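Colleague: Structure for this input, please:
(chains A, B, C and D)
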4 protein chains.
Amino acid sequence: MWKLPVIVVNFKLYTQGSGKKALDLIKTMERVGEERGVTLVAALNPLDLGALRKDAHIPVIIQHADAVEFGAFTGRINLEVAKERGADGVLVNHSERRLTIADIDYLVERAKKLNMVSLVCANNPRVSGALAFLRPDFIAMEPPELIGGDISVSKAKPEAITQTIEAVKSVADIPVLVGAGIKSGEDVKRALELGAQGVLVASGIVKARNPYEALNDLVDGMM
Amino acid sequence: MWKLPVIVVNFKLYTQGSGKKALDLIKTMERVGEERGVTLVAALNPLDLGALRKDAHIPVIIQHADAVEFGAFTGRINLEVAKERGADGVLVNHSERRLTIADIDYLVERAKKLNMVSLVCANNPRVSGALAFLRPDFIAMEPPELIGGDISVSKAKPEAITQTIEAVKSVADIPVLVGAGIKSGEDVKRALELGAQGVLVASGIVKARNPYEALNDLVDGMM
Amino acid sequence: MWKLPVIVVNFKLYTQGSGKKALDLIKTMERVGEERGVTLVAALNPLDLGALRKDAHIPVIIQHADAVEFGAFTGRINLEVAKERGADGVLVNHSERRLTIADIDYLVERAKKLNMVSLVCANNPRVSGALAFLRPDFIAMEPPELIGGDISVSKAKPEAITQTIEAVKSVADIPVLVGAGIKSGEDVKRALELGAQGVLVASGIVKARNPYEALNDLVDGMM
Amino acid sequence: MWKLPVIVVNFKLYTQGSGKKALDLIKTMERVGEERGVTLVAALNPLDLGALRKDAHIPVIIQHADAVEFGAFTGRINLEVAKERGADGVLVNHSERRLTIADIDYLVERAKKLNMVSLVCANNPRVSGALAFLRPDFIAMEPPELIGGDISVSKAKPEAITQTIEAVKSVADIPVLVGAGIKSGEDVKRALELGAQGVLVASGIVKARNPYEALNDLVDGMM
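Modeller: Next comes the predicted model:
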């Protein structure tokens, strides 16, 4: 498993995180990870994951999978093929790709059987506690209204972080990541002080002018 | 553009058309395509498309794309990245992955700008005529109740084929493919006699005991 | 059938158009319709339609129906029950409730069999032309970016109106309504001059301080 | 609140539970409820709920609501209007109408504020435990593969009932209903013996030749 605390970078479909540019960012993450001795995880779209896996020497997860196995499922993605193509894990139920709870349950169970890491997103502390009951490897709580914004969850909603950790702990011992608006080492530091064991970031790194510096700044907050 | 008539093989998420086995089937298609001088097109899931493109020497299309460009679209796939990863075209609105008409319209327009081939699926003649108005490169009509079954559209619903061609021609000069249950050269032959300019096949080839023979049989129907 | 040109008022789920307030607005529409001799149609949510039908003496349509008949469809709405509860027609594929083309086709066909009026929404001229092929009773074109805004389609995109009418007429003789941002008699007048045979309005009437005056202003544009 | 154990009858969109026939079934439920002194609850589609509420003298709930308040939501249904039209509660996340967990959370919270009863459906014991964390008024567990079938959950999966009750109780003290294939008093009796505090039934009552007798048989299992 990954060394905690962990930084998960969601490449989304940002121009700076897709196609050829995705590899540049992966290389930057590799470099920072090695230099600083931390685990940096890339969440990729399936086209880039398939194409880049062998060139990526960091953990990679897929941004979404459908709740299906093999069969007549045109245009769907399953965990089995994701694993064969090199995915170490799966991001489940991101705010931009919400799922039914039956499908979340399926994916968490299936990931376990396939020995893949499951990171399940939740939009608030209450939903985090509920999802903890499904025993994913990680819960990632992100208030939707702060995603992609300029003010981080650490500053805007510190109580949501502590409530999430409390809710999750009341159900099971599962590490909690937090995300939404996280851009600086200070944001990371506060999140960890409040009990988080990692962060989920996207625009703050992917769209940074200098992702190498931005990542190092985040890592500073972990030290 | 592709040589007509064309055979499009939808790999779906069948075990025999996913992961490493997808490459075997692509190689078989290459061989038959070369030996017989016909265009065989593979419709792949995005993970395999990303991973296999450089090893595939036939046209490949992606089974689905979302109606988005670049941006904060976690877990989505767009045509831009599909093209960069080697997709020559896109299958749109398959019965197992239906889209709103606004999204179909977006994808056909976007494919044109990206110089990608668009194959839009329709479930009956009337819908085929409607979709022809959007000017995709191909209309592929498949009665949903026959998909994956043992009796082909050519035998079960020949009138649906002629009505589709009539409906499409009344709107624009767009080649029509037909699909659903097509497994033999005879099925192909009848479809072409009725005016189709190609076929969309899936289980008949992907799940065949001997895909090489099954493909050759289909091609016989084109000669 | 309704007298043309027609004004269709989409009550949406606005507070001013839901629950008890819905009946007030219906009564205002009745009064204006009688005083001015025009057809005013109310598009209602299913709860209010079921509750208010017998008190409404104007044509009412349902804002949405699912593409199902009777059966094990918990939480769905079909045209059969809508008709039994008094719906004269159905609004299909509104921008806030988009449908697959297969479902649009189903609903238009089903409405015909049930002798209900179908108004199918389209987001641009091209999609309008495509949907005309399905032969609904009306096409209602609304550019999504103008819906709920302060500038009307008549002013912002007159060319979209003429292109829509052209596209539809090239396929079938179907009356075209236009909508998005329409608030004044002048907006209506321009739309009709450009060839529309009615308008689809929502916030401009439902959220008006004085719906009676606002409706009369719209009707002025029809005279 | 309702007297336990409770029988909730989901009318779905069955012909026998829709339109005018819905009132007949409601009247039968009233009669049985009075004669036997038990709480029988009807889950109605929104059109019938709006039309029939004032004639129904039993608790009624709506089969589904969308996770929205008032606003520009064409074709949507909210709890606010459902309450105004007489709904005492809401069925949430039925297997035929699954929701994201964020939407389930919204609806449970909103129902509390509106003083409406929330019954949240779950497809297995694990999901039941997760949903218990959201504190709905009831959890209703139904194995999807048994819904509408001839063998009841009580007989086919008694362990799923006990596991569900255990999972829910480990989180919060929330009454559990069970459903799927329940048709007889014996089915009800076993469910209650296993710890359930009520049942969710549909075809077994709605499609029964004699709903009066079928309901009485169910009630026998509660005595």
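
Colleague: just checking, what's the longest helix in chain A?
Modeller: If you go by DSSP state H, chain A has its longest helix at helix A:20-36.

Colleague: could you point out which element follows that helix?
Modeller: Where DSSP states H and E defines the elements, the next helix or strand beyond helix A:20-36 is strand A:39-44.

Colleague: elements contacting that following strand?
Modeller: Applying 3 or more CB pairs under 8 Å, 6 or more residues apart in numbering or on different chains; DSSP states H and E, one finds that strand A:39-44 contacts strand A:6-10, helix A:20-36, strand A:60-62. From N, CA and C alone the C-beta is placed, and that goes for glycine too.

Colleague: Stretch A:167-176 close to chain D?
Modeller: Yes. Stretch A:167-176 is in contact with chain D by CB under 8 Å from any CB of the partner chain, via A:167, A:171.

Colleague: Mean confidence (pLDDT) on that stretch, please.
Modeller: On average, the pLDDT along stretch A:167-176 is 97.

Colleague: and the residue nearest to residue A:175 when sequence neighbours are not counted, how many neighbours?
Modeller: Of all residues not flanking residue A:175 in the chain, residue A:197 sits nearest, at 3.9 Å (CB to CB, 6 or more residues apart in numbering or on different chains). Residue A:197: 18 surrounding residues under other CB atoms under 10 Å in any protein chain shown.

Colleague: Am I right that residue A:197 is in contact with residue A:174?
Modeller: No. Using CB atoms under 8 Å, residue A:197 and residue A:174 do not qualify as a contacting pair, with a distance of 9.4 Å.

Colleague: before we move on, what SS does residue A:87 have?
Modeller: Under the three-state scheme (DSSP: H, G, I helix; E, B strand; the rest coil), residue A:87 adopts coil.

Colleague: Kindly state the beta-bridge partners for the nearest residue to it once chain neighbours are set aside.
Modeller: Closest residue to residue A:87 apart from its sequence neighbours, by CB to CB, 6+ apart: residue A:62 at 4.5 Å. Residue A:62 has these beta-bridge partners by DSSP bridges: residue A:44, residue A:90.

Colleague: the residue most distant from the middle of chain A, which is it?
Modeller: What lies farthest from the middle of chain A is residue A:72; by CA atoms, centre = their mean that is 29.2 Å.

Colleague: Can you read off the pLDDT for that residue?
Modeller: You'll see residue A:72 listed with a pLDDT of 96.

Colleague: For it, give me its contacts.
Modeller: By CB atoms under 8 Å, 6 or more residues apart in numbering or on different chains, the contact set of residue A:72 is B:12-14, B:96, B:147-148, B:202-203.

Colleague: do residue A:64 as well
Modeller: By CB under 8 Å, 6+ apart, residue A:64 lies in contact with A:77, A:90-92, A:94, A:97, B:74-76.

Colleague: What's the separation between the residue farthest from the centre of chain A and residue C:138?
Modeller: Distance of residue A:72 to residue C:138, given as CB to CB, to the nearest Å: 37 Å.

Colleague: same deal with residue A:139?
Modeller: Residue A:139 sits 49 Å away from residue C:138, going by CB to CB.

Colleague: And residue A:221, by the same measure?
Modeller: Using CB to CB, we find residue A:221 at a distance of 59 Å from residue C:138.

Colleague: And residue A:34, by the same measure?
Modeller: 64 Å.

Colleague: what do you get for residue A:24?
Modeller: As judged by CB to CB, residue A:24 and residue C:138 stand 52 Å apart.

Colleague: So these two - more neighbours on which side?
Modeller: Legend: neighbour count by other CB under 10 Å for residue A:24 and residue C:138, higher for residue C:138 (26 against 12).

Colleague: Any idea what that one is bridged to?
Modeller: Note on residue C:138: beta-bridge partners by DSSP bridges are residue C:119.

Colleague: correct me, but it touches residue C:199?
Modeller: No. Assessed by CB under 8 Å, residue C:138 is found out of contact with residue C:199, at 11.2 Å.

Colleague: who touches both of these two?
Modeller: The contact sets of residue C:138 and residue C:199 overlap at residue C:177 (CB under 8 Å, 6+ apart).

Colleague: quick one on the thing from earlier: let's see if you can find the most crowded of the contacts of residue A:64.
Modeller: Neighbour tally across these (other CB under 10 Å): the maximum, 32 neighbours, falls on residue A:92.
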